[in-house]
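# Just to be clear, the model below is a prediction. Sequence and coordinates:
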Amino acid sequence: MKTYAYFPGCSLEKMARSYHTSALETCRVLGVELRELEDWNCCGATAYFHVDELLAYTLCARNLAMAEQQKLPVVAPCSGCYKNLYFTRDHLNHDADLAEHINEALAEDNLKFRGDSPVHHLIEVFVKDVGLPALKAKVTHPLKGLRVAPYYGCQILRPRKDKEDVEQPRFFEDLVAACGAEPVHYPLRLTCCGGALIITNREAALSLVRNLLQSAVQAKAAVIVTACPLCQVNLECYQKQVNKEFGTEFHVPVMYFTQLVGLAMGIPPKRLGIGSELVAVMPAIKEARETEPSPAGT
Amino acid sequence: MNTASPEPAAAPPIAAPPDNPLSFVEEIRHLLYASKGNPINTCIQCGTCSATCPVASGGFMDNSPRRIIALIRAGFKDQVLKANTFWYCASCYQCTVRCPRNIDIAELMYGLKRYTVWKAAGNKDLIGPTFTETFVKMILRTGRSYEPVLATSYLFTYGLPEMIQEAQTATVLMLKGRLPLLPARIKRLENFKRVIKHIIPLGDKE
């Protein structure tokens, strides 16, 4: 069994609770243990970096140091947390003076950053560490006929970490296909949802959300699947406000990839936190299941 | 090093420091002190950043990222600091991965935010700086984020229709169990606060 130090992040405590519960449920089936980091603190979202870079690195380093104590790699389900933790480790590993400075502060909490624990996004664990063949082997209820728009968003891909393909990634489509669903291609799959601009520049963010919903709907997606709580909130909870602002009639469910995988593995919807969304997911799933004739001989 | 030189050469007369020891472009280039410098002098003004930016191409920025870089290099400090460009950056890093000169434009935007916060020189009509401040203070108090506190930093800037929409969304989220009633806080909060004090003296009385 693979074990990770699990950094849920503030959103998963409440707003994205269903991401948390579905992550735990699906990981159990996949043989992945998520051991929640004890006493983790907020990664800083984007705000710390606006004020003080040093403070921002320190707060992320505290979480990394706690994972290192347990000798476990870190996994974050939120793309923002993932980016902050990943690049904090990267910078501190390349800058010994900075690491030393921060370690003096961390000593106040009896911690020390060494840089031993690599940082992963949860979707990376599913796609790479577990692997799609192993994941596919657990699929008992393939979501045949369900047209899914995989939404990458930003920070899983960007900034670039190494030499990976940030322009034409495939892994999210492949994950959707492994669940038996049909990934649809739409032009804005890598374009930003507006992130925290939903608070600081509502007009711009609603317009970005509108563009994205339109792009997915034009490609005839029945659901949008995300790997980030902020993307989920922007695309789902602000749909009504987009409709009011632009006179549109969007009604697209937006779910987490863990919920999609969970349904494909036959986990009851309730245990995946399905039911807490503002645009119901299950009607789209049922419609796909009803219209898709069950293939003979399977 | 030879510390015993008996007769040091007479010190040259101290020249008066120039009025502006560091040009604006130099200042900005050195903003990313913890990570790395940023080669904005190599910008070829191709405009890939502005074209790829969903906010700039949506027409929401008063100055595009390309223009901001040109203004910095030409020394238009006031105009840069008053721009909404960096506060309207959503940190999507699309400009950064596409820049043909490897300029980390998104990090430059972070740098400009920090610069205007330090200098208290920014555009006073934007929500970004207040929101940031509220967020950071909240984290430093409890170690965790709590949405209802954040709402106070921006709700009052809204018009009535937006405020009503926000309240409706919040009510539905509350009914679905997606809004926290009480703020969370970490357990070793005292240690956490000492860690922070080690990094930034907060200036409060003990």
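Ah, there it is.
# Could you list the buried residues of the helix or strand of chain B with the lowest mean pLDDT?
Taking mean pLDDT, DSSP states H and E as the measure, helix B:147-151 is the helix or strand of chain B with the lowest mean score, a mean of 73. Within helix B:147-151, the residues that count as buried by 16 or more other Cβ atoms under 10 Å in any protein chain shown are B:E147, B:L150, B:A151. (Glycine included, C-beta is placed from N, CA and C.)
# Which members of these additionally contact chain A?
Restricting the buried residues of helix B:147-151 to those near chain A by Cβ under 8 Å from any Cβ of the partner chain leaves B:E147, B:L150.
# where along the stretch 1-150 of chain A do the helices fall?
Secondary structure of the stretch 1-150 of chain A, counting by DSSP state H, counting those that start in this stretch: helices at A:17-30, A:47-51, A:53-69, A:79-94, A:96-106, A:122-124, A:132-137.
# How about the last one, which residues are buried there?
Within helix A:132-137, the residues that count as buried by 16+ other Cβ under 10 Å are A:L132, A:L135, A:K136.
# what's the closest non-adjacent residue to the second one?
Yep, that's A:L135 we're talking about. Closest residue to A:L135 apart from its sequence neighbours, by Cβ to Cβ, 6 or more residues apart in numbering or on different chains: A:A178 at 5.4 Å.
# The one you found and A:A134 touch, don't they?
No: in this structure, A:A178 is not within contact of A:A134 by Cβ atoms under 8 Å, at 9.7 Å.
# measure the residue nearest to the spatial centre of chain B to A:E249 for me?
Computing the C-alpha centroid of chain B and ranking residues by Cα atoms, centre = their mean puts B:K113 first, at 2.8 Å. Counting by Cβ to Cβ, to the nearest Å, the gap from B:K113 to A:E249 is 37 Å.
# Can you list the low-confidence ranges for the chain?
The chain I'm using is chain A. A:47-48, A:50, A:293-298 (pLDDT under 70).
# my bad, chain B
B:1-22, B:32-37, B:153, B:202-206.
# Would you map the helices across chain B?
B:24-29, B:48-52, B:54-57, B:65-74, B:77-82, B:94-98, B:105-119, B:128-142, B:147-151, B:160-175, B:189-199 (DSSP state H).
# Give me every residue in the stretch 151-298 of chain A lying close to chain B.
Within the stretch 151-298 of chain A, the residues that sit near chain B (Cβ under 8 Å from any Cβ) are A:154-155, A:157-160, A:166-167, A:190-192, A:194-197, A:199-205, A:207-208, A:211, A:237-238, A:240-241, A:244, A:276-278.
# So which of those belong to helices?
A:197, A:199-200, A:202-205, A:207-208, A:211, A:240-241, A:244.
# Quick one: residues contacting B:L71.
Shown in contact with B:L71 (Cβ atoms under 8 Å, 6 or more residues apart in numbering or on different chains): B:N63, B:Q79, B:V80, B:A83.
# want to try TSV for the residues you listed, with neighbour count as columns?
Formatted as TSV, these follow (neighbours: other Cβ atoms under 10 Å in any protein chain shown):
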residue	neighbour count
B:N63	20
B:Q79	15
B:V80	24
B:A83	22
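# near chain A, which of those show up?
Of the contacts of B:L71, not one also sits near chain A (Cβ under 8 Å from any Cβ).
# Out of these, which is nearest to B:I105?
B:N63 (13.0 Å; Cβ to Cβ).
# Can you tell me how far that closest one is from A:V225?
Taken as Cβ to Cβ, the span from B:N63 to A:V225 is 36 Å.
# So which residues make contact with stretch A:259-269?
In contact with stretch A:259-269 (Cβ under 8 Å, 6+ apart) are residues A:18-19, A:22, A:25-26, A:29, A:126, A:135, A:138-143, A:148, A:175-176, A:178-181, A:223, A:225, A:271-275, A:281-282, A:285.
# Whichever of those residues end up buried, select them in PyMOL.
Isolation of the buried members of the contacts of stretch A:259-269 (16+ other Cβ under 10 Å) is achieved in PyMOL through the command below:
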select buried, chain A and resi 18+19+22+25+26+126+135+138+139+142+143+148+175+176+178+179+180+181+223+225+272+273+274+281+285
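# Show me the contacts of stretch A:259-269 that map onto strands.
Secondary structure from DSSP state E places A:V148, A:V223, A:V225 of those in strands.
# beta partners of the first one?
So that's A:V148. Beta-bridge pairing for A:V148 (DSSP bridges): A:P183, A:V223.
# Would you agree it is in contact with A:P183?
Yes: in this structure, A:V148 is within contact of A:P183 by Cβ under 8 Å, at 5.7 Å.
# Mind listing the shared neighbours of the two?
Shared contacts of A:V148 and A:P183, defined by Cβ under 8 Å, 6+ apart, are found at A:V176.
# picking that back up, so which of the ones in strands among the contacts of stretch A:259-269 is the closest to A:A76?
For the ones in strands among the contacts of stretch A:259-269, the nearest to A:A76 is A:V225 (17.9 Å; Cβ to Cβ).
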